[in-house]
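Visitor: sharing a sequence plus its predicted fold:
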Number of protein chains: 2
Amino acid sequence: MASYDFDRATAVTSAGEGRFVGAVSPDWTIGAGPNGGYMVSIALSALARTLPQPDPFAITAHFVSRAAFSPVEIPVEVVRLGRGLSTGVARLEQEGRTKVHVTATFGDLDTMDGPTIVQGEAPAIEPLEECVPASRRKFSPFTERFDLRLTPDSAAWAKGRPTGVPEVAGWIRFADGREPDAASLAQFADAFPPTAFNLFEGVGWVPTIELTVHVRARPAPGWLRCRFRTRFVTRGYLEEDGEIWDAAGRLVALSRQMARVNVPA
Amino acid sequence: MASYDFDRATAVTSAGEGRFVGAVSPDWTIGAGPNGGYMVSIALSALARTLPQPDPFAITAHFVSRAAFSPVEIPVEVVRLGRGLSTGVARLEQEGRTKVHVTATFGDLDTMDGPTIVQGEAPAIEPLEECVPASRRKFSPFTERFDLRLTPDSAAWAKGRPTGVPEVAGWIRFADGREPDAASLAQFADAFPPTAFNLFEGVGWVPTIELTVHVRARPAPGWLRCRFRTRFVTRGYLEEDGEIWDAAGRLVALSRQMARVNVPA
């Protein structure tokens, strides 16, 4: 039995050739539904058991309808098996309808070779002790799964003073001591409050339409340093661009999501 | 019969329920294979004929093996039909094997509503007349499909003097006068030379692993102003982040690809 919340909540069981079953746990509720990164992580569990390579390199997820807190069937298709990279599709289905459609290309992070050139720097954010522990919100058990420390500016919206700068940054780790790994980076890419909270007052829900995560390295144990930014809101649609850096100071993942912001009239 | 190269080369014919056929045209060859954005555009043609909404909003494509210049079969699956947004999958198959796997969420750009906030500016690049017409390269008929003008810095690699700055920017339109539209933005997102050409000498091939395009608006007629940037090369893997702006000065699409750079030893 898995010892950590994340592993238990994303575990899947084989239900025959190309088919897994899992369950959407209410412990990962944020607002009225399950967190998107959590849903993607369930799909990745099924793909990890299907494809020969161990690590998700490029993950794309389309969120097509809201999932219920109930069992989920996960048909998995292999798109291509390769020596270096393999690609598969996992759908999270409930009552025969797809809720999240995930395609991922897996590889082995240990066998990557080639030049490394870093032209961006780790986000210059306040040290951990100057950051604000994110409140564990009522009706949002998801917030209890993490130890999340937001930079003071990122947390401004929570005091009713949105900064007008659509950025959230800070430090994160699982609350129960599970260390980050390649398989959990999609979860961390969708665990911070939406950038839109600092842009508009009273934003309740920012549903993700599509989430892409590109994994670059296996994270070192310890805190992850993250920053999510929005530059363009176009008639209600926005991007959230994320960077995830590990405790050793390396970029471990880039993320981008397209979401819709619902602003009270 | 479609009057423009792009429409002819991306046209598909119904081959029964959930199935289309097309052809990968050698006119869109870049280096040794068909251009990736072109392949995605064939898939989008099939999806546009399958889903009720007219415009691709969020497109994700995994390039799993190189396509041949031959007919292509395109099985299409509807993932979800919605009133506002619908999602489908189109696979480009040759000899029963998937070459490109495309998932796209379609909507109607004319019915988007919500706030618009632009915190980024259109790339500050040289005016058209100071840019360098991209050479039409031997063995790369793809380069003849476009009128592409690179900023002087972007074109530096072509003179054997890579700038070391992994950025390419400039102006682009179809060579035959076809105006840009939402359906062709995925093509424009993959029509510039790779940023890696300005980073390493002798880079021959930068295969895309995954390409995501988020469409924000229908482009106005005329030139598109584009910039593609890389910040992180990690053991041979890099991102290329693109912005596409139209002649009316509006952001019309964001793109990101994860690619592998092969540097001569």
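Guide: Alright, I've got the coordinates.
Visitor: which positions in the stretch 51-200 of chain A make contact with chain B?
Guide: A:57-58, A:60, A:62, A:64-65, A:79-80, A:82, A:85, A:87, A:89, A:91, A:97-98, A:101, A:103, A:105, A:112-120, A:166, A:199-200 (Cβ under 8 Å from any Cβ of the partner chain). In this view, the C-beta of every residue, glycine as well, is placed from N, C-alpha and C.
Visitor: show me where pLDDT drops low in the stretch 1-150 of chain A?
Guide: Counting by pLDDT under 70, the low-confidence segments of the stretch 1-150 of chain A come to A:1, A:137-139.
Visitor: what's around the residue of it found nearest chain B, how many residues?
Guide: Going by Cβ to the nearest Cβ, chain B is nearest to A:Gly114 of the stretch 1-150 of chain A, at 2.0 Å. For A:Gly114, the neighbour count with other Cβ atoms under 10 Å in any protein chain shown is 15.
Visitor: follow-up on the earlier one: in ChimeraX, how would I select the buried members of the residues of the stretch 51-200 of chain A next to chain B?
Guide: Entered in ChimeraX, the line below selects the buried ones among those, by 16 or more other Cβ atoms under 10 Å in any protein chain shown:
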select /A:57,58,60,62,64,65,79,80,85,87,89,91,98,101,103,105,112,116,117,166,199,200
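Visitor: rounded mean pLDDT for stretch A:211-228, please.
Guide: Mean per-residue pLDDT for stretch A:211-228: 98.
Visitor: span of that stretch from start to end?
Guide: 13 Å (Cα to Cα, to the nearest Å).
Visitor: now it: buried residues?
Guide: Under the neighbour-count criterion of 16+ other Cβ under 10 Å, stretch A:211-228 has A:211-220, A:223-228 buried.
Visitor: over to stretch A:181-197?
Guide: The neighbour-count check on stretch A:181-197 (16+ other Cβ under 10 Å) flags A:182-197 as buried.
Visitor: ok, now stretch A:143-159?
Guide: Buried-residue list, stretch A:143-159, by 16+ other Cβ under 10 Å: A:143, A:145-151, A:153-158.
Visitor: with just CA atoms, put that stretch into CSV.
Guide: Extracted C-alpha coordinates of stretch A:143-159, given in CSV (Å, rounded to 0.1, in the frame of the first residue of the first chain):
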residue,chain,number,x,y,z
THR,A,143,-5.4,22.9,0.2
GLU,A,144,-4.6,20.5,3.1
ARG,A,145,-2.6,18.2,0.8
PHE,A,146,0.2,20.8,0.4
ASP,A,147,2.5,23.0,2.4
LEU,A,148,2.2,26.1,0.3
ARG,A,149,3.9,29.4,1.1
LEU,A,150,3.0,32.4,-1.1
THR,A,151,5.1,35.5,-1.6
PRO,A,152,3.4,38.4,0.1
ASP,A,153,2.4,40.0,-3.2
SER,A,154,0.9,36.7,-4.4
ALA,A,155,-1.2,36.4,-1.3
ALA,A,156,-2.5,40.0,-1.5
TRP,A,157,-5.8,39.0,-3.0
ALA,A,158,-6.6,36.8,0.1
LYS,A,159,-6.7,40.1,2.1
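Visitor: ends of stretch A:65-74, how far apart?
Guide: End residues of stretch A:65-74 are separated by 15 Å (Cα to Cα).
Visitor: same check, this time on stretch A:55-70
Guide: Span of stretch A:55-70 from end to end, Cα to Cα: 27 Å.
Visitor: what do you get for stretch A:148-164?
Guide: 21 Å.
Visitor: again with stretch A:63-72
Guide: Terminal residues of stretch A:63-72 lie 15 Å apart, using Cα to Cα.
Visitor: got the buried residues for that stretch?
Guide: For stretch A:63-72, by 16+ other Cβ under 10 Å, it's A:Phe63, A:Val64, A:Ser65, A:Ala67, A:Val72.
Visitor: A:Arg229 reaches A:Leu254, doesn't it?
Guide: No. In this structure A:Arg229 lies outside contact range of A:Leu254 using Cβ atoms under 8 Å: 11.7 Å.
Visitor: tell me which of the buried residues of stretch A:63-72 fall in strands.
Guide: A:Phe63, A:Val72 (DSSP state E).
Visitor: in a markdown table: the buried residues of stretch A:63-72, plus distance to B:Gln53.
Guide: As requested, the buried residues of stretch A:63-72 are arranged in a markdown table below (distance: Cβ to Cβ, whole Å):
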| residue | distance to B:Gln53 |
| --- | --- |
| A:Phe63 | 16 |
| A:Val64 | 13 |
| A:Ser65 | 16 |
| A:Ala67 | 23 |
| A:Val72 | 27 |
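Visitor: and of the buried residues of stretch A:63-72, the nearest to B:Ala46?
Guide: Checking the buried residues of stretch A:63-72 against B:Ala46 by Cβ to Cβ gives A:Val64 as the nearest, at 18.5 Å.
Visitor: what about the closest one, distance to A:Ala196?
Guide: According to Cβ to Cβ, to the nearest Å, A:Val64 stands 21 Å off from A:Ala196.
Visitor: all good on my end, thank you.
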